[in-house]
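1. mind folding the following:
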Amino acid sequence: MSRIRPVAFLLGALGLLGRGAAAEPPRPMVIAEAKLPAGFPAPGPVGTVVVKDYPAYRAARTRAGGGDGGMFMRLFRHIERNDVTMTAPVEMTMPEDEGAADRPGTAMAFLYASPAIGAPGPDPADADVVVEDVAALTVASVGIRGGYGPATFTRGERQVRDWLRDHPEWQAAGPPRAMAYNSPFVPGMLKYAEVQIPVEPRPRAPAAPAKP
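-> Coordinates of the predicted model:
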């Protein structure tokens, strides 16, 4: 029995065992390669959709062009030039169309550790990188495991959209995004990410007037 427990713990952390009857989903095992931005919520469970609140934050963003690698390197050169510490996750905006071939990357952003770092506006050395202030938001989020490819992110997005259909008290309030926590040095089966859709409470229908 003592030999089985460590294996069961690892599989559970990776989201490969059933959820059981636990009141709250377990925290995922995430290989931490960088710190979260200030005030960010912890990574959410694998395979279970949760609602998460994010504080306002500052991000350096670039649009698609030259593939995901091109976006990553533009942002990496930006933080290197400006002595900005790398954080995790990296944010990738996903197209609204679930069948789009360029999932997940219509845009990519590196998140600053604090909104007090730097200033918003285009990078003077590269106009394709723009520093933006992002307002606080609420998202429906699911943790996913696997390589950072279209199939993985599409699977996660479908889970979130299915959850929204089952929870009509929430409605989508923006395009989906992927939050990628790991670098290419982490094997695909151990990579962790979240797929999220910004949400807001659905307005309640006005009550019917009372009959006389």
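2. only C-alpha atoms from now on, for both contacts and neighbour counts.
-> Noted.
3. looking at the protein, which helix is longest?
-> helix 150-166 (DSSP state H).
4. quick one: low-confidence ranges for this protein?
-> For the chain, residues meeting the criterion pLDDT under 70 lie at 1-25, 65-69, 96-105, 207-208, 210-212.
5. secondary structure element for Glu132?
-> strand 126-134 (DSSP states H and E).
6. any idea whether the residue positioned nearest the centre of the chain is helix, strand or coil?
-> For the chain, the residue nearest the mean C-alpha position is Met179 (2.5 Å; Cα atoms, centre = their mean). The three-state assignment at Met179 reads strand, by DSSP: H, G, I helix; E, B strand; the rest coil.
7. can you tell me what sits against stretch 118-133?
-> Identification of contacts with stretch 118-133 by Cα atoms under 8 Å, 6 or more residues apart in numbering yields Ala56, Tyr57, Arg58, Ala59, Ala60, Arg61, Thr62, Arg63, Arg74, Leu75, His78, Pro115.
8. quick one: buried residues of the strand holding Glu132?
-> For strand 126-134, burial by neighbour count (16 or more other Cα atoms under 10 Å) applies to Asp128, Val129, Val130, Val131, Glu132, Asp133.
9. using PDB, write out every CA atom in it.
-> The C-alpha coordinates for strand 126-134 follow below in PDB (Å, rounded to 0.1, in the frame of the first residue of the first chain):
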ATOM      1  CA  ASP A 126       9.300  48.000 -31.400                       C
ATOM      2  CA  ALA A 127       5.900  49.400 -32.300                       C
ATOM      3  CA  ASP A 128       4.400  45.900 -32.600                       C
ATOM      4  CA  VAL A 129       4.600  45.600 -28.800                       C
ATOM      5  CA  VAL A 130       2.200  47.700 -26.900                       C
ATOM      6  CA  VAL A 131       2.000  47.900 -23.100                       C
ATOM      7  CA  GLU A 132      -1.700  47.900 -21.900                       C
ATOM      8  CA  ASP A 133      -3.500  48.300 -18.700                       C
ATOM      9  CA  VAL A 134      -6.200  45.600 -18.400                       C
END
